[in-house]
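**Student:** predicted coordinates and the sequence they were generated for:
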Amino acid sequence: MTAEIKALDPMPLDAIELEVIKASLAGIVQEMQNSLFRSGFSTIVRESQDASCALMNAKGEVVAQHVVLPLHIGAFPACAAAVLEAFAGGIAEGDAFIINHPYHGGSPHAPDIAVITPVFVNGALFGFCGSIAHKSDIGGPVPGSCSGQAREIFNEGLHLPAVRYQRGYRTNNDLKRLIGRFEAERFVDDDGIELEQPVRIHVVVTKHGERLHLDFSGSADQTAGPANIRPPLVQAACVYTLISLIDPNTYVSSGLMRGFAMTAREGSVLNPRFPAPVNTYNPTIHAVVDALFAAMSHIVPGKARADGSGSRSIILGGRSTYTGKGYVQYEIIAGGSGARANKDGISGITVNQSNAKIAPVEIIESEFPTRLMRVELIRDSGGAGQYRGGLGIRREYLNLADARFSIRSMKHRIPPNGCAGGATGRGGDIWINPDTDAAKRLPTRYADYPLQASDVFRLDTPGGGGYGDPLARDPERVLGDVCQGAVSVEAAEREYGVVLAQSGRGWTIDVAATQARRAQMRGKT
């Protein structure tokens, strides 16, 4: 039942009563905000507290706001006024309204979504409760929706005038389908034929009732080179991602595939037409998984993580110097995993669905005509963050006999993404005879390079992306990274704002210099 606004007789108050009421109202708003910050999914709400709450009277005028963002004292009345104008006479108990339109309401920009709910006393509209919270992404041409090159408001994401999101305490599912929508994309370096032409993998995740719909229609057209994958593999990648996000101990059966629907456009890189090549499928599968994790992190923020190194393999074929027989040396080589919402990434490990082991040096050297000259973790390859990405691996080989060399790799041109403000990991690389005048850099994918006896080739695998603001990393952990060789002294200051001083044969934190450097990096000096 709807109710009209009723004017209330003013109550005379003495000074003590006024202070008690003011303190009570401010306390209520503070509790509202604390609840919002504790339950916020995104880092920008949960950690940065880019949100505020208010109590308003029946006219939409603010009567209490616990100041976090003072500009919202102007935004709340404008948003409430838009609700009153659009739904005058039709506001009822159990309603909730949302609005983020800077022109129809008062939001500073589209990511600031206001939720306005009416309060009734004895059947009369008494006032409103409101919250305004920054959403990490609300659409538009750039991640985060805030394009510095926007020329009109339509470049700034989804804009909602005052709309009823809930009626009778029940959610408006039509509107929910419009804004419960999550999307992300990743890129494969190239397809091996059209070099340096990234291949887009794009997914939109929507929830309809109890089922998810995973739509990959925005992915690139099928490729000339073997970057294509068929829908059964896409479906398997979806199952893998859901298991990882829900419960790694989930019993695996085909029944898992009935929990979601999937769309992969025919003629796309994820649903190619015969006879499109498909043999180097792994980089594309990794891009699918990374895109799914990025989209689903909005639904399960506690399991968000940065991108890992992806996958790579090297293949050498020739004749053994020991037996004269033909051989094929096939190795799968790991890199760094992405940092997680509460842990660093892991160094030198296969990620996502690969689950393959690195062959031991002793086995490689005993079975094939090659020598491992160097096997080491790459310092500074893990993306900086509150939680650091895992380190990539450098493997340098001396070839002892003529051979034909191929590589299938990824994330050389496009490095692993960071998450929640974390930095990207270091990209991978492959060199023939590095550090010489004859040095040659190969593309991410290359087939049948003629290696000569005594040639050296060096493979660097990518490091994982970082998670969170690097300036939020505990300086003691940065010192530990330096002491363990994961981070250089220079990167400690450049990326983390941690200044170290020599102390005997080790290092110690220069506390004053670190505080000054971090303040400078935050723009506070």
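**Tutor:** Cool, got the structure. Numbers count the residues shown, from 1 in each chain.
**Student:** my read: Thr350 touches Glu331, true?
**Tutor:** No - counting by Cβ atoms under 8 Å, Thr350 does not reach Glu331; the two are 11.9 Å apart. For the C-beta atoms, the positions are set from N, CA and C on the backbone; glycine is no exception.
**Student:** these two: who's more crowded?
**Tutor:** Between Thr350 and Glu331, counted using other Cβ atoms under 10 Å, the more crowded position is Thr350 (21 against 18).
**Student:** and that one, what is it in contact with?
**Tutor:** Neighbour list for Thr350: Ser311, Ile332, Ala334, Ala356, Lys357 [criterion: Cβ atoms under 8 Å, 6 or more residues apart in numbering].
**Student:** and the last one, helix, strand or coil?
**Tutor:** At Lys357 the chain is in coil, as set by DSSP: H, G, I helix; E, B strand; the rest coil.
**Student:** separation between it and Asp435?
**Tutor:** Applying Cβ to Cβ, to the nearest Å, the value for Lys357 to Asp435 is 29 Å.
**Student:** now swap in the first one and tell me
**Tutor:** Taking Cβ to Cβ as the criterion, Ser311 is separated from Asp435 by 27 Å.
**Student:** who has more neighbours, these two?
**Tutor:** Ser311 (26 against 8).
**Student:** for the nearest residue to that one once chain neighbours are set aside, what are its contacts?
**Tutor:** Excluding its sequence neighbours, the residue lying closest to Ser311 (Cβ to Cβ, 6 or more residues apart in numbering) is Asn282, at 4.4 Å. By Cβ under 8 Å, 6+ apart, the residues touching Asn282 are Gly310, Ser311, Ser313, Ser354, Arg408, Met410.
**Student:** and if you look at Ser297?
**Tutor:** Counting by Cβ under 8 Å, 6+ apart, Ser297 touches Lys303, Ala304, Arg305, Cys419.
**Student:** among those residues, which ones are buried?
**Tutor:** Buried by 16 or more other Cβ atoms under 10 Å: Ala304, Arg305, Cys419, out of the contacts of Ser297.
**Student:** sort out which one of these lies nearest Asp189 for me.
**Tutor:** Cys419 (20.2 Å; Cβ to Cβ).
**Student:** wait, the closest one sits on Gly338?
**Tutor:** Yes - with contact defined as Cβ under 8 Å, Cys419 reaches Gly338; the gap is 6.9 Å.
**Student:** any residues in contact with both of those two?
**Tutor:** With Cβ under 8 Å, 6+ apart, Cys419 and Gly338 have common neighbours Arg305, Ala306, Asp307, Gly465, Tyr467.
**Student:** which stretches of the chain have low pLDDT?
**Tutor:** For the chain, the stretches flagged by pLDDT under 70 are 1-11, 40-43, 66-68, 137, 139-143, 173-174, 176-179, 208-209, 320-323, 524-525.
**Student:** tell me which stretches of it form helices.
**Tutor:** Using DSSP state H, the helices of the chain run over residues 15-39, 43-46, 72-87, 173-179, 231-246, 282-296, 361-367, 475-483, 489-496, 511-521.
**Student:** columns distance to Glu196 on top of these, output as JSON lines?
**Tutor:** Converted to JSON lines, those look like this (distance: least, Cβ to Cβ, whole Å):
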{"stretch": "helix 15-39", "distance to Glu196": "44"}
{"stretch": "helix 43-46", "distance to Glu196": "33"}
{"stretch": "helix 72-87", "distance to Glu196": "46"}
{"stretch": "helix 173-179", "distance to Glu196": "37"}
{"stretch": "helix 231-246", "distance to Glu196": "25"}
{"stretch": "helix 282-296", "distance to Glu196": "15"}
{"stretch": "helix 361-367", "distance to Glu196": "31"}
{"stretch": "helix 475-483", "distance to Glu196": "33"}
{"stretch": "helix 489-496", "distance to Glu196": "28"}
{"stretch": "helix 511-521", "distance to Glu196": "33"}
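**Student:** deepest-packed of those helices, please.
**Tutor:** Across those, the average number of neighbours (mean count of other Cβ atoms under 10 Å) peaks for helix 282-296, which reaches a mean of 26.
**Student:** the inter-axis angle of that one versus helix 231-246?
**Tutor:** Interaxial angle of helix 282-296 relative to helix 231-246 (axes from the mean of the first three to the mean of the last three Cα atoms, to 10 degrees): 40 degrees.
**Student:** pretty sure Gly463 sits against Arg426.
**Tutor:** Yes - counting by Cβ under 8 Å, Arg426 is a contact partner of Gly463 at 4.6 Å.
**Student:** who has more neighbours, the two?
**Tutor:** The residue with more neighbours, out of Gly463 and Arg426, is Gly463; 37 against 27, by other Cβ under 10 Å.
**Student:** distance check, that one against Leu71.
**Tutor:** Going from Gly463 to Leu71 by Cβ to Cβ gives 40 Å.
**Student:** also Phe187?
**Tutor:** In terms of Cβ to Cβ, Phe187 sits 37 Å off from Leu71.
**Student:** between these two, which is the more surrounded one?
**Tutor:** Neighbours per residue, other Cβ under 10 Å: of Phe187 and Leu71, the larger number sits with Phe187, 20 against 12.
**Student:** ok, the more buried one - contacts?
**Tutor:** Taking Cβ under 8 Å, 6+ apart, one finds Pro198, Val199, Arg200, Ile201, Ala287, Ile414 in contact with Phe187.
**Student:** the second one: neighbour count?
**Tutor:** What it means is Val199. By other Cβ under 10 Å, the residues close to Val199 number 24.
**Student:** same check on the fourth one?
**Tutor:** Per other Cβ under 10 Å, the neighbour tally for Ile201 reads 30.
**Student:** kindly report the same for the last one.
**Tutor:** When neighbours are defined as other Cβ under 10 Å, Ile414 has 21 of them.
**Student:** one more: the first one?
**Tutor:** Pro198 has 16 neighbours, counted by other Cβ under 10 Å.
**Student:** for it, what are its contacts?
**Tutor:** Pro198 touches Phe187, Val188, Asp189, Asp190, Arg413, Ile414, counting by Cβ under 8 Å, 6+ apart.
**Student:** ramachandran angles for the fifth one?
**Tutor:** Which is Arg413. Arg413 adopts backbone torsions of phi -90, psi -40, taken as degrees, to the nearest 10.
**Student:** and it, how far from Asp189?
**Tutor:** Taking Cβ to Cβ, one finds Arg413 at 4 Å from Asp189.
**Student:** between the two, which is the more surrounded one?
**Tutor:** Neighbours around Arg413 and Asp189, counted as other Cβ under 10 Å, are more numerous at Asp189. The numbers are 25 against 17.
**Student:** pretty sure that one is touching Ile414, no?
**Tutor:** Yes - the criterion here is Cβ under 8 Å, and Asp189 meets it with Ile414 at 5.7 Å.
**Student:** contacts only, for Asn399.
**Tutor:** Listed by Cβ under 8 Å, 6+ apart, the contact set of Asn399 reads Leu316, Pro369, Thr370, Leu451, Gln452, Ala453, Ser454, Asp455, Val456, Phe457.
**Student:** how about 7 Å then?
**Tutor:** Counting by Cβ atoms under 7 Å, 6 or more residues apart in numbering, Asn399 makes contact with Thr370, Leu451, Ala453, Ser454, Asp455, Phe457.
**Student:** for Ala384, state which of the residues you listed is nearest.
**Tutor:** Phe457 (29.2 Å).
**Student:** so what's that closest one bridging to?
**Tutor:** Tyr397, Ile432 (DSSP bridges).
**Student:** count residues in the vicinity of Ala162, would you?
**Tutor:** The burial count for Ala162: 22, using other Cβ under 10 Å.
**Student:** cool, Arg371 as well?
**Tutor:** Arg371 is flanked by 14 other residues according to other Cβ under 10 Å.
**Student:** hang on, it packs against Leu398?
**Tutor:** Yes - if you go by Cβ atoms under 7 Å, Arg371 and Leu398 touch, sitting 4.3 Å apart.
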